[in-house]
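Trainee: Got a sequence here, can you model it:
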Amino acid sequence: MDWTNPLIFSVAKIVAITVAFLAVMLLVALTVLAERRVLAFIQGRVGPNRVGYFGVLQPFADFIKTMVKEDLVPDQSTRFVFLLAPMIAVVTAIMAILVYPFGPTITLPLLGPIQLAIARFDVALLYVLGVTSVGVYGIALAGWSSNNKYSLMGGLRSSAQMISYELPLGMSLIGVILLAGTLDIYSIVEQQSGWYGMNWNILYQPLGFILYLISAIAETNRVPFDLPEAETELVISHRVQLDQISPFLQRRIHQHDHGFDARHYIVSGWLERTVRRATTHPRGSLFCNQNLVFSLPLHLDSRHAPALSL
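Mentor: Residues are numbered from 1 along each chain as shown. Below is the predicted model:
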């Protein structure tokens, strides 16, 4: 297929963006269900088990319930900024997905070679760090625009914590950049292939991985770094008067962003045997996704478990 044709290229990119977005939304639903089931098991509860087989449809029921809720805007708020802030947070979290490679280049009949990434450029890692840092504006603006002192204080504390941990998060990746000699995520993953996992960066940068994991948990305001959004201190921070699903999506997608980061930068994004079999078994690269494993500590939050259980 002639991928140089502008029309074919544009249609292919639109399809790729749609598929990636739907895949991430499905991952969000699955991780919400996994969190609730695992925490219910830890705390000796049943957990969601009413909607669908073993409660597998519970995230979709929650999504429908949230979407049909009335969207209230406080009278004394700055309406435009109040509506814009959640959009900024969600869009910046989603934009990082554009450069993540989901697998090696595969060859399909009639279509030819296909690169399992929406976009690839030389400074992709810098792009991810830059675009995800803009999400802080969404949190700060959400707290300020509500014209509520609890929202304002919570938004300031949340944004201050996120900004504080962005520096060690970025510094923890310097070793990976020096080892790979590039900022291209695709090249970083390829540099870790071979020797059955002995080239994974986690073996050469264990301290960097620990720093990255701690910083990622702190940036997403998860336990034990949940003080900015703790209900008993600040009434869930900047989200006091936000009824939309946007803050929830922003947190979950941001957690998956950090999971993708750990999967690509610290541990090879796809296993070495998958690279060898990519042309004959294209599904293998998708089955070797370790994103759920590395984002699991970001999803387990016992603070919200009792409120979510059935």
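Trainee: residues contacting residue 78?
Mentor: 144, 145, 147 (Cβ atoms under 8 Å, 6 or more residues apart in numbering). For every residue, glycine as well, the C-beta is placed using N, CA and C.
Trainee: Next, work out how far apart it and residue 152 are.
Mentor: Applying Cβ to Cβ, to the nearest Å, the value for residue 78 to residue 152 is 12 Å.
Trainee: Give the intersection of the neighbour lists for those two.
Mentor: Counting by Cβ under 8 Å, 6+ apart, the common neighbours of residue 78 and residue 152 are residue 144.
Trainee: ok, back up a step: ok, and the most crowded of the contacts of residue 78?
Mentor: Ranked by neighbour count (other Cβ atoms under 10 Å), those have residue 145 at the top, with 25 neighbours.
Trainee: so which helix or strand takes in the most centrally placed residue in the chain?
Mentor: When Cα atoms, centre = their mean is applied to the chain, the residue found nearest the centroid is residue 256 (2.4 Å). Counting by DSSP states H and E, the element that carries residue 256 is helix 246-261.
Trainee: What mean pLDDT does that helix get?
Mentor: Averaged over helix 246-261, pLDDT sits at 71.
Trainee: Does residue 188 touch residue 125 like I think?
Mentor: Yes: at 7.3 Å, residue 188 counts as touching residue 125 under the criterion of Cβ atoms under 8 Å.
Trainee: Residue 153 reaches residue 144, doesn't it?
Mentor: No: in this structure, residue 153 is not within contact of residue 144 by Cβ under 8 Å, at 10.6 Å.
Trainee: what's the spacing between residue 29 and residue 53?
Mentor: For residue 29, the distance to residue 53 - Cβ to Cβ - is 15 Å.
Trainee: Of those two, give the one with the bigger neighbour count.
Mentor: Ranked by neighbour count (other Cβ under 10 Å), residue 29 and residue 53 place residue 29 first, with 18 against 7.
Trainee: contacting residues for the more buried one?
Mentor: Residue 29 neighbours (Cβ under 8 Å, 6+ apart): 59, 60, 63.
Trainee: Can you check those residues and name whichever has the most neighbours?
Mentor: Most neighbours among the contacts of residue 29, by other Cβ under 10 Å: residue 59, with 22 neighbours.
Trainee: Per-residue confidence, it, what does it come out as?
Mentor: pLDDT, residue 59: 86.
Trainee: again with residue 112
Mentor: pLDDT for residue 112: 78.
Trainee: Need the contacts of residue 29 in JSON lines (columns: distance to residue 89 and secondary structure).
Mentor: Shown next, in JSON lines, are those (distance: Cβ to Cβ, whole Å; DSSP: H, G, I helix; E, B strand; the rest coil):
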{"residue": "59", "distance to residue 89": "20", "secondary structure": "helix"}
{"residue": "60", "distance to residue 89": "22", "secondary structure": "helix"}
{"residue": "63", "distance to residue 89": "18", "secondary structure": "helix"}
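Trainee: any chance of these in a markdown table, with distance to residue 92 too?
Mentor: Below are the contacts of residue 29 laid out as a markdown table (distance: Cβ to Cβ, whole Å):
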| residue | distance to residue 92 |
| --- | --- |
| 59 | 23 |
| 60 | 25 |
| 63 | 21 |
